[in-house]
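K.L.:
Show me the folded form of this:
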Amino acid sequence: MIEPSKKVCLRTFGCQMNAYDSLRMAGMLADMGYAQVEEPDAADLIVLNTCSVRRLAEEKVYSYVGELKRLKREKPWLIIGVGGCVAQQEGDKLLRRLPHLDFVFGPDAVPSLPGLVGDALRGKRQAMTKLGPSAAPSQIIIPTAPGLRAMVTVMTGCDNFCSYCVVPYVRGRERSRPAGEVLQEVNALVEAGVREITLLGQNVNSYHDPDSGLDFAGLLARVNEVKDLWRIRFTTSHPKDLGQGLIEAMAGLDKVMEQMHLPAQSGSNRMLKAMNRGYTREKYLEQVRRLREKVPAVALGSDIIVGFPGESQEDFEQSLSLLREVRYDFLYSFKYSDRPFTRAGRLEDKLDEDTKGSRLVELQALQRVIGLQEHQAQVGRVEEVLVEGPAKHGQGLMSGRSRAGRVVNFPGPPELTGSLVMVRITQGRENSLAGELIPATGENTA
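P.N.:
Residues are numbered from 1 along each chain as shown. Sure, this is the predicted structure:
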């Protein structure tokens, strides 16, 4: 690695896939001699890794890049690049609209970042947004200090074409990485000190090893065998593709955590059909029943969109009733927004912003009540916690996550960081649990 002499400010918008790509970018740029800084004013290079799944995220990117125009005037040598899904969506239109921008690159062009930076230093402006045939990174990049938890992409793209979603257009069709490469990356991360891996994909249920045909349940079994790896999580699962094999893997593999993100998007069959989700409310609830039958302690999360075109008050009420029936531990909820290329963007009967906004407020208020009740129901349980470090709030408190992914804060010494400890839950709060450490004769430390 070249001794750092230049500074890069790398900003990430959006999902875990983007966060994973940003880590790869940081490693490539470190090899070029770029040290990371938090503030753009201190940087010689600014790279934005963007998301276009929600219109608000896209608008934030345009606003942020626009604000950098002043900085470019003050520092003419400053290089500015935009990557990710907005870059893939807009392509060279970004260069035309923002003359102070130097380069644009899509998710599949991440390996080309060093070359793009080099060309920009020589005055060449360009957009690189061609989707590639493979989901595999051109090289495995392991951060020098990756921490206890890390992400590994197992597949990219999506074949579902939900009517509201831009992902198939900006990340391409489904492409799975060979299992051997996934395992190579997992092993390298574990050797660097990682103890928890999250396997990423737009729809991990559709994973299919291009070399052996191994499915996602089989991949989990392989990762479960990695020595010194303690925990495995994964996201995201599509309800229509949740098979019994994956449920059995969750129940039978000791390192696979009791947590699943299973986006419903709506509780209304009419809306689910309009969204092209490929399942009904009844089918979704059957999947939840089968999962909880085999994995009783599972913590479930979901996504819900409010205000989809044509959503009636009755449709919205069915989403509220789905929350009451399933009782999610965590929920990501959004107002519908038109996205480029999508079928829903061409639908009529759009709802006004006030209606969408009031429905979102009502949905989120209900989820806060349910989430608090679910956390309060954990009081008295003994949970295995992977200690991540001092709690953000509260002197003398340590913080970590239970197997179900809940944040747990408890009194303890900093030396517990990197340990698996047992904690008795004493209080359930809206966003976390409080507990007390159960002394052990031996500690499992990293």
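K.L.:
What's the local residue count around the residue nearest to L200 when sequence neighbours are not counted?
P.N.:
Nearest residue to L200 in three dimensions, chain neighbours excluded: T153, at 4.7 Å (C-beta to C-beta, 6 or more residues apart in numbering). C-beta here means a position set from N, CA and C on the backbone, and glycine is covered the same way. Other residues lying near T153 total 23 when counted by other C-beta atoms under 10 Å.
K.L.:
next one: V182
P.N.:
Residues near V182, counting by other C-beta under 10 Å, number 26.
K.L.:
again with the one 5 residues further on
P.N.:
One way to gauge burial is a neighbour count; for N187, by other C-beta under 10 Å, it gives 16.
K.L.:
who's in contact with the helix or strand it falls within?
P.N.:
Here N187 is covered by helix 179-191, with elements defined by DSSP states H and E. Contact with helix 179-191 is made by 136, 140, 142, 146, 150, 152, 154, 197, 199, 209, 211-212, 214, 218-219, 222-223, 226-229, as judged by C-beta atoms under 8 Å, 6 or more residues apart in numbering.
K.L.:
From these, list the buried ones, please.
P.N.:
The neighbour-count criterion (16 or more other C-beta atoms under 10 Å) marks 136, 140, 142, 146, 150, 152, 154, 197, 199, 209, 214, 218-219, 223, 226, 229 among these as buried.
K.L.:
Buried by neighbour count: which residues of the biggest helix by length in the chain qualify?
P.N.:
Among the segments of the chain that qualify as a helix by DSSP state H, the longest is helix 353-376. Judged by neighbour count using 16+ other C-beta under 10 Å, the buried positions of helix 353-376 are 356, 359-360, 363, 366-367, 370-371, 374-375.
K.L.:
Same list, those residues, but as JSON lines with distance to T280 and pLDDT please.
P.N.:
Shown next, in JSON lines, are these (distance: C-beta to C-beta, whole Å; pLDDT from 0 to 100):
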{"residue": "K356", "distance to T280": "24", "pLDDT": "98"}
{"residue": "R359", "distance to T280": "22", "pLDDT": "98"}
{"residue": "L360", "distance to T280": "24", "pLDDT": "98"}
{"residue": "L363", "distance to T280": "20", "pLDDT": "98"}
{"residue": "L366", "distance to T280": "22", "pLDDT": "98"}
{"residue": "Q367", "distance to T280": "22", "pLDDT": "98"}
{"residue": "I370", "distance to T280": "22", "pLDDT": "98"}
{"residue": "G371", "distance to T280": "26", "pLDDT": "97"}
{"residue": "E374", "distance to T280": "25", "pLDDT": "97"}
{"residue": "H375", "distance to T280": "30", "pLDDT": "97"}
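K.L.:
Now distance to G106 too, for the residues you listed, in a markdown table please.
P.N.:
Formatted as a markdown table, those follow (distance: C-beta to C-beta, whole Å):
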| residue | distance to G106 |
| --- | --- |
| K356 | 30 |
| R359 | 34 |
| L360 | 30 |
| L363 | 33 |
| L366 | 38 |
| Q367 | 34 |
| I370 | 38 |
| G371 | 36 |
| E374 | 39 |
| H375 | 40 |
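K.L.:
Verify the contact between the residue nearest to L200 and M17 for me.
P.N.:
Yes. Using C-beta atoms under 8 Å, T153 and M17 qualify as a contacting pair, with a distance of 6.6 Å.
K.L.:
shared neighbours of those two, anything?
P.N.:
Residues touching both T153 and M17 (C-beta under 8 Å, 6+ apart): L200.
K.L.:
Return the set of buried residues in the helix holding N187.
P.N.:
Applying a neighbour-count criterion of 16+ other C-beta under 10 Å, one finds 179, 181-183, 185-190 buried in helix 179-191.
K.L.:
Next: stretch 304-315.
P.N.:
If you call a residue buried by 16+ other C-beta under 10 Å, then stretch 304-315 has these buried ones: 304-309, 311, 315.
K.L.:
Can you tell me what sits against the longest helix of the chain?
P.N.:
Outside helix 353-376, the residues that touch it by C-beta under 8 Å, 6+ apart are 304, 306-307, 316, 319-320, 323-324, 327-331, 333-336, 406, 427-433.
K.L.:
quick one, what contacts P40?
P.N.:
When contacts are counted by C-beta under 8 Å, 6+ apart, P40 touches 9, 11, 46, 68, 71.
K.L.:
any low-confidence regions in the stretch 51-200 of the chain?
P.N.:
Counting by pLDDT under 70, the stretch 51-200 of the chain shows low-confidence ranges at 132-139, 144.
K.L.:
That one: helices as residue ranges?
P.N.:
Applying DSSP state H, counting those that start in this stretch to the stretch 51-200 of the chain gives helices spanning 55-74, 85-90, 92-97, 113-121, 167-170, 179-191.
K.L.:
Packed most tightly, which of those helices would that be?
P.N.:
When you average the neighbours per residue for each of the helices of the stretch 51-200 of the chain (mean count of other C-beta atoms under 10 Å), helix 85-90 leads with a mean of 26.
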